[in-house]
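A.B. asks: next come a sequence and a model predicted from it.
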Amino acid sequence: MTNQAAEVAKRRTFAIISHPDAGKTTITEKLLLMGKAIAVAGTVKSRKSDRHATSDWMEMEKQRGISITTSVMQFPYREHMI
């Protein structure tokens with residue numbers, strides 16, 4: 001197996017798609033936390049919190065406590081790239 005083929009074989013790709021307020025950002029934060037890509041999960045819809053969701057990077061998302069944009073993230077987990 002070539003090096004490129006080995007790297008491709010390690011990849012695991014998926015998307016989280018659902019209606020508004022179904023918990024997409026919350027599950028994304030939990031996946032990042034459980035995969036040790038982040039040390040502390042951010043909060044959703046907590047305007048008073050200084051800790052925002054990792055995937056909510058736009059200032060409007062942070063201010064309003066909503067997710068507006070699509071975010072692509074990756075992290076290593078059990079010898080795979082998620």
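C.D. replies: On my side now, so go ahead.
A.B. asks: may I see the buried residues of the helix or strand of the chain with the lowest mean pLDDT?
C.D. replies: Across the helices and strands of the chain, the lowest-confidence element by mean pLDDT, DSSP states H and E is helix 59-64, at a mean of 75. Neighbour-count burial for helix 59-64 flags Glu61, Lys62 (criterion: 16 or more other C-beta atoms under 10 Å). All C-beta atoms are positioned from the backbone trio N, CA, C, and that covers glycine.
A.B. asks: quick one: strands adjacent to the helix or strand just after that helix?
C.D. replies: Downstream of helix 59-64, the first helix or strand assigned by DSSP states H and E is strand 76-77. When sheet partners are counted by DSSP bridges, strand 76-77 sits next to strand 80-81 (antiparallel).
A.B. asks: centre of the chain to the partner strand, how far?
C.D. replies: 15 Å (C-alpha atoms, centre = their mean, to the nearest Å).
A.B. asks: what's next to that strand, contact-wise?
C.D. replies: By C-beta atoms under 8 Å, 6 or more residues apart in numbering, the residues outside strand 80-81 that reach it are Glu7, Lys10, Arg11, Arg12, Gln74, Phe75.
A.B. asks: may I see those residues arranged in JSON lines, with pLDDT and neighbour count as well?
C.D. replies: Below are the contacts of strand 80-81 laid out as JSON lines (pLDDT from 0 to 100; neighbours: other C-beta atoms under 10 Å):
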{"residue": "Glu7", "pLDDT": "93", "neighbour count": "11"}
{"residue": "Lys10", "pLDDT": "95", "neighbour count": "12"}
{"residue": "Arg11", "pLDDT": "95", "neighbour count": "10"}
{"residue": "Arg12", "pLDDT": "93", "neighbour count": "10"}
{"residue": "Gln74", "pLDDT": "90", "neighbour count": "12"}
{"residue": "Phe75", "pLDDT": "90", "neighbour count": "14"}
